[in-house]
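Colleague: I'd like to go over a predicted model; first the sequence, then the structure.
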Amino acid sequence: LLLATAIPSTTNGFAVPPSSQSVVSSRPAATSPTTSTSPRPLKVTNGDVTETSSFPGSGYLDALDRRLGDDDCNAAVDHGRPPDPNSRDGNTAVDAADYSGLTTLPRHPTNDEVNEILEQTEQALRTMQEKVLFLSQSDGEGRDPSLEVEEDEDEDEDEDVMLPLEVEQESVYANSYVDLEKSTEDEDEDVMLPLEVEQESVYANSYVDLGKVDTVGFDYDYTLVTYTKELLELIYDMALKRLVEEKEYPREMLEVGMKFDPFFSIRGLAVDRENGWICHLSYTHKVAVAWEGRHRVTRPRLMAEYTGKRALEPSARKKRLKPLNDLFSMAECCLMADVVQFFLDRDIPFCPRSAVNDVLGSITNTHISGEFHREVARVPERYFEEKPYLKGVLDSLRDSGKRLIFVSNSPFWYVDAGMNYVVGPGWRDQWDVVIASAGKPAFYTEDARPFREVDPATGKLMFKQVLKLEKGRVYTAGCLKELTKTINWKHPLNYDVLDFRYDDVGSPLTSPNVMYIGDSLFADLVDAKREFGWTTAAVTPEVGWEIELQRKTEFVVAERAIEMLLNSLRLYQRALGTGLRSKDDLEVMDKMERMVSRWRDEQTRLLGNPFGSVFRARYQPSLFAHSLRRYCDLYMSNVGSLRHYSSQHRFYPESPKLLSHEIRGSNPECCDIDDPILNPDCF
């Protein structure tokens, strides 16, 4: 049986050859050390937990003794720095009590009917742990010697056996490309796509016909070029130095080893100016989790700070919360937390609002000064990742007759250094228009910013009026209104002017036939979509590495455990009926919900950072994911993903379903308790 998350069986119509190599994400692999020895192993037999001689993968329940069960959103826990999600040895011992805490369900003191539901769920959880998680760490044949038992010769040969997830992935991997090329013989059979197919796919939130797109615009930073982790370290160090030298922060900050931590921050967070907390918001703007420095904020403090509902009024939200939406902001987030923690550790009184403003100002001045730009341009091989497929993607788009427009907020001398490194000295020949220092989002919102030409040789601005944008030249500033006046907007593609597909082409200012690709939702894409109706595509490298992590057996087990517990809660309530709940009824439910919360903590740990998924704020879609769906027609892990698609490809969204009844079907409580493992369709 295939124990896996809901993985789409199609990825908009491409398959990557097994030999293909790609750079999916700049996010580094976790490499935190392990120091402790493995604990005594556990074995599950008929629902009992006993010790065995060896226990593979002891780290998967890392430090549960540090965790306090809480409700679905928060636990009063100091997680510290997130552990290595790839470590199989673990940082702390995992004992029988810890294991039992995640798989032992509470019991009702008087209701035997609901206890039967709880007992069956508990047995299903433990069976899943034993057959999937334990065996996945076994020898090459899928067996763990410590769990080996003598085979029964009379055992039914047709009995279903749950294979380790990695074993099934390898089996599917070996056949998927053939299966994807031929018509499906068994439409009811689920196929797990190879990992690189999912990582390299372009995902659609709405219908997009590339054949109707005549103009493609690109951002530069984290879109055409991507950076190594050394860039964020550089920005962090430069901003910290500014805090000390310009804002007179304690010089000790430079001496105690404060450094950028790639395993702390993620994109899509927000900093509260009033208290200095780093917050992860759900799509309803509720604070799912918050960190003060390097300590997680407890639920009581969250409720007290945010009016008892973990949320602010819209007017207060705009004043207090500063979004940290782009990939550059990960250094900003980390420095903010470290500065706050520095003050807390030394009992130094400080004003959170002043600290937030100082950190934000130091980061901004580091960008504006061009200091880090000069260092990156000086040593491009240290800071830029190689982009082996970029030139081919741009050539393919141009050869198909599409107009290419380069629009970046970075200065020309900087983008020239980067593009020379990743594409080559003749990179400008591929572009119809090159605009640097565009000043987005003002580029979209203002209507009286004229273009100025830049001398590529000297980088100096020219004074002549720009009436027409010409290929091979470089421009700065400007706005969309001026762009429509200074470029020939006749349809560049070789189609008959009477072609019905283009009878809806109106003003280029509001044309969906223009597609813009960028990484920053609000600087690059929101206004382009909201104000002008452009087709928008987001570069989200988090897609690639999160897909890889979420395919790991431990993560899948945690997800399935949550599904089983929630389904058990539904069945539990159905058994209780519609009357008022007793104290015992509610106590069992509270304990079950705390178990769900602990499994969610486990998922967060496996993702390798204290906030969890960029796309999920605990159990709800994050505000970042909501904005991505709302304002972006397409999204992908890197621009190179476009090489797998025709320039006339039509993208179809995986599913437009948004409401629970659409997703779950007409009967959300369709599963018997025996079904959670055997019938994934119930979820």
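Modeller: Everything's here; your move.
Colleague: alpha carbons only for contacts and neighbour counts from here, please
Modeller: Noted.
Colleague: those helices in the stretch 351-500 of the chain, which residues are they?
Modeller: Using DSSP state H, counting those that start in this stretch, the helices found in the stretch 351-500 of the chain span residues 352-369, 371-378, 380-383, 390-399, 412-422, 442-445, 480-486.
Colleague: can you tell me which of the ones you listed comes nearest to Pro610?
Modeller: Of all these, helix 352-369 sits nearest to Pro610, with 20.3 Å by Cα to Cα.
Colleague: Enumerate the positions of that closest one that are buried.
Modeller: Across helix 352-369, burial judged by 16 or more other Cα atoms under 10 Å covers 352, 355-356, 358-363, 366-367.
Colleague: What of stretch 200-209?
Modeller: 200-206, 208.
Colleague: for these, which one is nearest Glu386?
Modeller: Glu200 (16.4 Å).
Colleague: And the closest residue to Trp413 other than its chain neighbours, its phi and psi?
Modeller: In space, and not counting its chain neighbours, Trp413 is closest to Gly459: 6.5 Å by Cα to Cα, 6 or more residues apart in numbering. Backbone torsions of Gly459, given as degrees, to the nearest 10, read phi 80, psi 0.
Colleague: What is the burial count for Gly459?
Modeller: 13 (other Cα atoms under 10 Å).
Colleague: With the one 5 residues further on instead?
Modeller: Under the neighbour criterion other Cα under 10 Å, Lys464 is assigned a count of 9.
Colleague: Next up, the contacts around it.
Modeller: 452-453 (Cα atoms under 8 Å, 6 or more residues apart in numbering).
Colleague: mind redoing it with 7 Å?
Modeller: If you count contacts by Cα atoms under 7 Å, 6 or more residues apart in numbering, Lys464 has none.
Colleague: quick one: pLDDT of it?
Modeller: The score at Lys464 is 88. That number is its pLDDT.
Colleague: quick one: it and Glu482, what's the gap?
Modeller: From Lys464 across to Glu482, the span is 15 Å (Cα to Cα, to the nearest Å).
Colleague: Repeat that for Asp338.
Modeller: Applying Cα to Cα to Asp338 and Glu482 gives a distance of 44 Å.
Colleague: Narrow the buried residues of stretch 200-209 to those in strands?
Modeller: Mapping the buried residues of stretch 200-209 onto strands (DSSP state E) picks out 202-204, 208.
Colleague: would you list those residues in TSV and tack on distance to Met253?
Modeller: Shown next, in TSV, are those (distance: Cα to Cα, whole Å):
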residue	distance to Met253
Val202	43
Tyr203	43
Ala204	45
Val208	50
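Colleague: where's the dip in pLDDT among the buried residues of helix 352-369?
Modeller: Within the buried residues of helix 352-369, pLDDT is lowest for His367, at 88.
Colleague: Look up how far Tyr383 lies from that one.
Modeller: Taken as Cα to Cα, the span from His367 to Tyr383 is 16 Å.
Colleague: Check the burial of Phe463 by counting its neighbours.
Modeller: 9.
Colleague: rewinding a little: any chance of the helices of the stretch 351-500 of the chain in JSON lines, plus distance to Arg251?
Modeller: Listed next are those as JSON lines, based on distance: least, Cα to Cα, whole Å:
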{"stretch": "helix 352-369", "distance to Arg251": "15"}
{"stretch": "helix 371-378", "distance to Arg251": "21"}
{"stretch": "helix 380-383", "distance to Arg251": "28"}
{"stretch": "helix 390-399", "distance to Arg251": "43"}
{"stretch": "helix 412-422", "distance to Arg251": "32"}
{"stretch": "helix 442-445", "distance to Arg251": "38"}
{"stretch": "helix 480-486", "distance to Arg251": "46"}
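Colleague: Quick check: which of those is nearest to Ala538?
Modeller: Of all these, helix 390-399 comes closest under Cα to Cα, at 15.8 Å.
Colleague: in that closest one, what counts as buried?
Modeller: Quick answer for helix 390-399 (16+ other Cα under 10 Å): 390-391, 393-394, 396-398.
Colleague: Just the closest of those to Ala477, please.
Modeller: Leu394 (23.8 Å).
Colleague: Tell me the predicted confidence for the closest one.
Modeller: On the pLDDT scale, Leu394 gets 95.
Colleague: nearest spatial neighbour of it, skipping sequence neighbours?
Modeller: Gln430 (7.2 Å).
Colleague: So the one you found versus Pro323, what's the distance?
Modeller: The separation that Gln430 has from Pro323, given Cα to Cα, amounts to 35 Å.
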